[in-house]
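Colleague: Here's a sequence, model it:
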Amino acid sequence: MSQPDKRALLAEGLALGEEDAALHARLTGAGVSAAAAKYEVDRLAKDPMVAMLRRQAARMAKQDWLFANQRRLALEADGGFALDMLNQPDPDHFYRHYYEANRPAKIAGLIDHWPALARWSLDHFARVAGDSIVEAQVERERDPDYELAKDDHRRLVRFAELIDWLRKDEASNDIYLTAYNSGTNAAALAPLWDDMVPIDLLDGTRTHDGFFWLGPRGTLTPWHHDLTNNLLVQVVGRKRVRMAPPWAFARMKNSRHCFSDWGNEALPAGEGDAAMPPVLETVIGPGEAIFLPVGWWHQVEALDLSASVSFTSFRRPNAHVEDYVSYGVI
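Modeller: Numbers count the residues shown, from 1 in each chain. The predicted model follows:
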């Protein structure tokens with residue numbers, strides 16, 4: 001019978017902020033003799049790395065307390081934990097009460113002036129850009145980590161061929177033209193930008209900074225958080241958007257980069273509990289948008305053939321990537 005790794009057991013307990021008695025119980029519970037456990041715990045007092053780990057655990061406990069305060073405030077708010085619905089919001093009001101407050105909102109009336117609302121269809125796409133070669137994400141259904149391994153799923157296809165496939169109106173998560181493909185597709189889909197007009201909430205000097213999304217019903221973007229603030233604008237079809245706040249971090253099962261181990265699970269809307277995160281849920285249709293603040297977890301599902309545009313070109317720097325240092329660690 002193999003001996004338990006006492007150092008690993010102690011490190012795990014120290015990271016959780018356990019005191020000596022709990023560490024002793026952890027060791028004996030794993031099969032270490034009481035005498036050996038006492039020896040291992042007693043010698044921790046002389047280890048400077050243990051002191052630092054205990055200090056870090058205390059810092060994490062304080063962060064958990066701060067998150068708990070944010071949770072209490074959110075649940076005690078007028079109307080409880082809910083998603084605000086805005087109609088043609090004044091930019092100053094939006095930035096003060098939503099962007100700067102890191103608070104999501106569903107928004108109507110932003111793109112009523114867009115020709116795209118009347119023009120965009122598969123026929124229109126084929127007519128203005130059908131001969132173009134575009135990049136899409138393909139064969140996603142064979143890979144449970146298709147979002148993490150996006151580079152492995154990039155393929156060049158003729159836009160008209162993709163459009164013909166979409167005409168079948170089959171539910172699928174296998175092919176999706178996403179924001180990640182926008183670098184390749186900017187020139188190929190340039191005619192579509194003639195169907196858009198600057199949005200008041202955004203930086204009007206950057207009119208072509210959007211990211212185009214096109215896919216069938218059934219496409220799923222799994223639970224994750226972005227490293228920027230985002231405005232997702234729906235033009236064709238509907239999308240269901242589920243969101244969870246940053247203060248639910250401990251319940252979001254974040255073990256890899258910005259992705260949650262909840263994956264594509266349809267977490268129920270509500271305040272959550274000790275195991276389940278609090279979730280806001282809404283459906284956005286043509287002409288509607290959702291503001292997704294940086295750090296908010298979200299999952300997006302297309303309920304119909306869907307064409308959307310997302311924007312990060314706000315009137316603020318929106319620079320949150322430079323000091324993100326946990327790539328490859330979490």
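Colleague: Tell me where this protein has helices.
Modeller: If you assign secondary structure with DSSP state H, the helices in the chain sit at 6-15, 20-29, 34-42, 48-76, 91-94, 116-119, 122-129, 159-166, 182-188.
Colleague: Minimum distance to residue 305: which of the ones you listed has it?
Modeller: Proximity to residue 305 (CB to CB) singles out helix 159-166 among the helices of the chain, at 6.1 Å. C-beta: built from backbone N, CA, C; applies to glycine.
Colleague: So which elements touch the closest one?
Modeller: Other helices and strands packing on helix 159-166, by 3 or more CB pairs under 8 Å, 6 or more residues apart in numbering; DSSP states H and E, are helix 122-129, strand 133-138, strand 211-215.
Colleague: Would you tell me which one of those is buried the most?
Modeller: Here the criterion is mean neighbour count by mean count of other CB atoms under 10 Å, and of these the winner is strand 211-215, at a mean of 25.
Colleague: any weak-confidence spans in the chain?
Modeller: Scanning the chain for pLDDT under 70 picks out the ranges 1, 207.
Colleague: related to what we said a few turns ago, can you redo the helices of the chain as a markdown table with distance to residue 255?
Modeller: Rendered in a markdown table, the data for these read as follows (distance: least, CB to CB, whole Å):
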| stretch | distance to residue 255 |
| --- | --- |
| helix 6-15 | 15 |
| helix 20-29 | 22 |
| helix 34-42 | 28 |
| helix 48-76 | 16 |
| helix 91-94 | 34 |
| helix 116-119 | 39 |
| helix 122-129 | 38 |
| helix 159-166 | 34 |
| helix 182-188 | 28 |
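Colleague: Of all the ones you listed, which one comes closest to residue 289?
Modeller: Using CB to CB as the measure, helix 91-94 is the one of those that comes nearest residue 289, at 11.2 Å.
Colleague: Only the buried residues of that closest one, if you could.
Modeller: Of the residues in helix 91-94, those buried by neighbour count under the rule 16 or more other CB atoms under 10 Å are residue 94.
Colleague: Tell me which residues are up against it.
Modeller: With CB atoms under 8 Å, 6 or more residues apart in numbering as the contact definition, helix 91-94 has outside contacts at 86, 105, 200-201, 291, 315.
Colleague: right, and out of those, which lies closest to residue 56?
Modeller: Minimum distance to residue 56 across the contacts of helix 91-94 is 34.1 Å, recorded for residue 291 (CB to CB).
Colleague: Wait, residue 254 touches residue 261, no?
Modeller: Yes: counting by CB atoms under 8 Å, residue 254 touches residue 261, with 7.4 Å between them.
Colleague: show me where the stretch 151-300 of the chain has strands.
Modeller: When assigned using DSSP state E, counting those that start in this stretch, the strands of the stretch 151-300 of the chain occupy the ranges 154-158, 175-176, 211-215, 220-225, 230-236, 239-244, 254-256, 259-260, 280-284, 288-292, 297-302.
Colleague: which of the residues in stretch 243-262 are buried?
Modeller: Using 16+ other CB under 10 Å, the residues of stretch 243-262 that count as buried are 243-245, 247-249, 251-254, 257-260, 262.
Colleague: Dump the C-alpha coordinates for that stretch into CSV.
Modeller: Coordinates of the C-alpha atoms in stretch 243-262 are reproduced here as CSV (Å, rounded to 0.1, in the frame of the first residue of the first chain):
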residue,chain,number,x,y,z
MET,A,243,-24.8,35.3,-17.3
ALA,A,244,-23.1,34.9,-13.9
PRO,A,245,-21.4,37.6,-11.9
PRO,A,246,-17.7,37.8,-11.2
TRP,A,247,-18.4,37.4,-7.4
ALA,A,248,-19.6,33.9,-8.1
PHE,A,249,-16.1,32.9,-9.1
ALA,A,250,-15.8,30.1,-6.5
ARG,A,251,-18.9,28.4,-8.0
MET,A,252,-17.9,28.8,-11.6
LYS,A,253,-15.4,26.0,-11.6
ASN,A,254,-12.7,27.9,-13.4
SER,A,255,-9.7,25.6,-13.9
ARG,A,256,-8.5,26.7,-17.4
HIS,A,257,-7.9,30.2,-18.6
CYS,A,258,-11.2,32.1,-18.9
PHE,A,259,-13.4,29.0,-19.3
SER,A,260,-15.7,27.4,-16.8
ASP,A,261,-15.9,23.6,-16.3
TRP,A,262,-19.7,24.0,-16.5
